[in-house]
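**Q** Only the shape, not the letters, is given here:
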């Protein structure tokens with residue numbers, strides 16, 4: 001699955017579980033959690049993509065550690081990370097017990113495929129409706145200091161998806177509109193990136209507003 005689906009499903013699952021656990025997971029972390037397993041792309045060829053970071057033998061202990069350390073917040077964040085394995089196993093397969101075993105499991109619905117397109121574009125639509133219902137849209141509507149942290153998720157998605165496009169070091173733009181399924185997914189990425197960009201701008205606005213309100217130190221204080 002592309003990062004459009006990973007980030008949106010992660011947001012839905014981790015923010016939803018956070019509400020059930022009575023803890024508020026920041027929006028940028030809810031989106032970022034589902035992206036983390038694909039950070040192994042940065043380390044190719046030292047670490048082969050879709051191996052260690054897509055294995056329960058690695059991610060489950062990590063999730064337990066995060067939950068132990070950060071309690072309910074860590075638990076909600078961990079569910080976002082684990083959602084990556086679930087969504088990847090729907091459209092493809094994952095090496096669930098790597099490196100102990102190279103056996104892979106999954107439904108292999110296809111990537112790209114109509115099923116993947118529905119899962120990814122559908123996740124974006126559900127995430128947007130959810131953000132409207134739970135009030136998270138406010139982080140994109142006006143200045144919020146926390147919104148600046150969305151730049152982390154933004155950079156991750158742009159570099160991993162638009163530059164590397166999953167397993168291939170090929171810019172997604174080179175084949176983004178070659179098939180209908182990829183066209184819909186590519187447009188979904190554009191919407192997601194623009195939304196995160198807007199959130200980042202609102203974060204910057206909040207920072208600049210606070211700096212302006214603080215003003216220069218008074219003469220009396222300086223003396």
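**A** Happy to help now that I have it. What you are looking at is a predicted structure, and each value in this text was computed from that prediction instead of being measured.
**Q** what comes up buried for stretch 112-126?
**A** For stretch 112-126, burial by neighbour count (16 or more other Cβ atoms under 10 Å) applies to 112, 115, 116, 117, 119, 120, 121, 123, 124. Quick note: C-beta positions are derived from backbone N, CA and C, even for glycine.
**Q** which residues are in contact with it?
**A** With contact meaning Cβ atoms under 8 Å, 6 or more residues apart in numbering, stretch 112-126 is reached by 1-2, 4-5, 8-9, 12, 87, 90-91, 109-110, 179-182, 184-185, 188, 191-192.
**Q** Looking at the buried residues of stretch 112-126, spot the one nearest residue 139.
**A** Closest approach between the buried residues of stretch 112-126 and residue 139, by Cβ to Cβ: residue 124, at 16.6 Å.
**Q** what's the average pLDDT for the helix or strand harbouring that closest one?
**A** Taking DSSP states H and E as the criterion, residue 124 maps to helix 114-134. For helix 114-134, mean pLDDT is 96.
**Q** cool, and stretch 45-57?
**A** 91.
**Q** can you list the residues that contact it?
**A** Taking Cβ under 8 Å, 6+ apart as the rule, stretch 45-57 contacts 36-41, 58-59, 84-85, 88, 94-100, 166-167.
**Q** Quick check: buried residues in it?
**A** 49, 50, 52, 53, 54, 55.
**Q** Can you lay out the buried residues of stretch 112-126 as a markdown table showing distance to residue 143?
**A** Shown next, in a markdown table, are the buried residues of stretch 112-126 (distance: Cβ to Cβ, whole Å):
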| residue | distance to residue 143 |
| --- | --- |
| 112 | 38 |
| 115 | 40 |
| 116 | 36 |
| 117 | 35 |
| 119 | 34 |
| 120 | 30 |
| 121 | 30 |
| 123 | 28 |
| 124 | 25 |
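**Q** Name the nearest of the residues you listed relative to residue 205.
**A** residue 124 (24.7 Å).
**Q** who does the helix or strand just after the helix holding residue 124 touch, helix- and strand-wise?
**A** Later in the chain than helix 114-134, the nearest helix or strand by DSSP H and E is helix 138-141. Helix 138-141 is packed against helix 180-214, with contacts defined by 3 or more Cβ pairs under 8 Å, 6 or more residues apart in numbering; DSSP states H and E.
**Q** sorry, back to before: what two of the buried residues of stretch 45-57 are the furthest from one another?
**A** Farthest apart among the buried residues of stretch 45-57 - using Cβ to Cβ - are 49 and 55, which lie 12.4 Å from each other.
**Q** circling back to that earlier point, buried only: go through the contacts of stretch 112-126 for me.
**A** 1-2, 4-5, 8-9, 12, 87, 90-91, 109, 181-182, 184-185, 188, 192.
**Q** Just the pLDDT for residue 185.
**A** What the model reports as pLDDT for residue 185 is 87.
**Q** Does it touch residue 6 like I think?
**A** No: at 11.8 Å, residue 185 does not count as touching residue 6 under the criterion of Cβ atoms under 8 Å.
**Q** show me what contacts the residue nearest to residue 199 when sequence neighbours are not counted?
**A** Leaving aside its chain neighbours, residue 199 sits nearest to residue 150 (4.0 Å; criterion: Cβ to Cβ, 6 or more residues apart in numbering). Residues in contact with residue 150 (Cβ under 8 Å, 6+ apart) are 27, 28, 31, 139, 196, 199, 200, 203.
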